[in-house]
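Asker: Below: sequence and its predicted model.
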Amino acid sequence: MKQWKICLAALAVAAGLGLFAAVIVWGDGMPGHMAGLCTGMGGALLGAGSVKLLIPLLMRSMTPEERQEVERGERDERNVAIREKAAYTSWYWTLGLLWIPFVVALLQGSTLWLCLSSGAVVLHSLFYLVNLARWARRM
Amino acid sequence: MTNRIAELRKQRQISQAELAQRVDVTRQTIISLENGRYNASLLLAHKIAAFFGLTIEEVFLFEEDAP
């Protein structure tokens, strides 16, 4: 893994621990939602950073043959095709699921959630269109 | 599309793992190709055909060409 990626992962772990420490030290003085946000963000950063740091360590503990096998699996065309198909299918599932909060917001008449949920549907489709155009130029 | 990978591999007494290593894919990909669950890309078809010293048409058979 590139050096900057390791540094970024270490920073994420440090930031995660920092957020946890902040909640422990100043948690009582914080508004409820702020403490929840810091804990959630801290957990996410700590988890993502730790995984990124653990993968190179795990790779280092493997034999050269095992490492080659793992690397081959990463660039294997069938695995790449599986990942692409999974991502494509997930996009359709997510698009379908995003309509649920939109309909709920519509039924409840909540303007804020109506805007947020419709914005999410639009952005989800917009990213797809942007990526379609991007890949059409590349291929 | 069908292929003769399993037949050619057995003729030459090569394991799936060895073929996979030589054409730079996983053993699972070779298994899927042999079972007809996955169709190889042109690049992989070329690598496999070159490994057996044959042309792509001799290894991979399109439905209309298949016997």
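Answerer: Alright, I've got the coordinates.
Asker: Let me see the contact set for the residue in chain A that chain B sits nearest to.
Answerer: Residue nearest to chain B within chain A: residue A:78 (4.2 Å; CB to the nearest CB). Heads up, the C-betas are built off the backbone N, CA and C, glycines and all. Contact analysis of residue A:78 by CB atoms under 8 Å, 6 or more residues apart in numbering or on different chains lists B:25-26, B:28-29, B:32, B:38.
Asker: next one: residue B:17
Answerer: residue B:27.
Asker: can you do 10 Å?
Answerer: A:69, B:26-27, B:30 (CB atoms under 10 Å, 6 or more residues apart in numbering or on different chains).
Asker: Next: residue B:55.
Answerer: Contacts of residue B:55 (CB under 10 Å, 6+ apart): B:46, B:49.
Asker: Likewise for residue A:15?
Answerer: By CB under 10 Å, 6+ apart, residue A:15 lies in contact with A:41-42, A:45-46, A:49.
Asker: Please apply the same query to residue A:67.
Answerer: By CB under 10 Å, 6+ apart, the residues touching residue A:67 are A:58-61.
Asker: Out of these, which sit inside helices?
Answerer: In helices, defined here by DSSP state H, the members of the contacts of residue A:67 are A:58-60.
Asker: out of the contacts of residue A:78, who's near chain A?
Answerer: The overlap between these and the neighbours of chain A (CB under 10 Å from any CB of the partner chain) comes to B:25-26, B:28-29, B:32, B:38.
Asker: Next, give me the two most distant ones among the residues you listed.
Answerer: Pairwise distances across the ones next to chain A among the contacts of residue A:78 (CB to CB) peak at 11.2 Å, for the pair B:26 and B:38.
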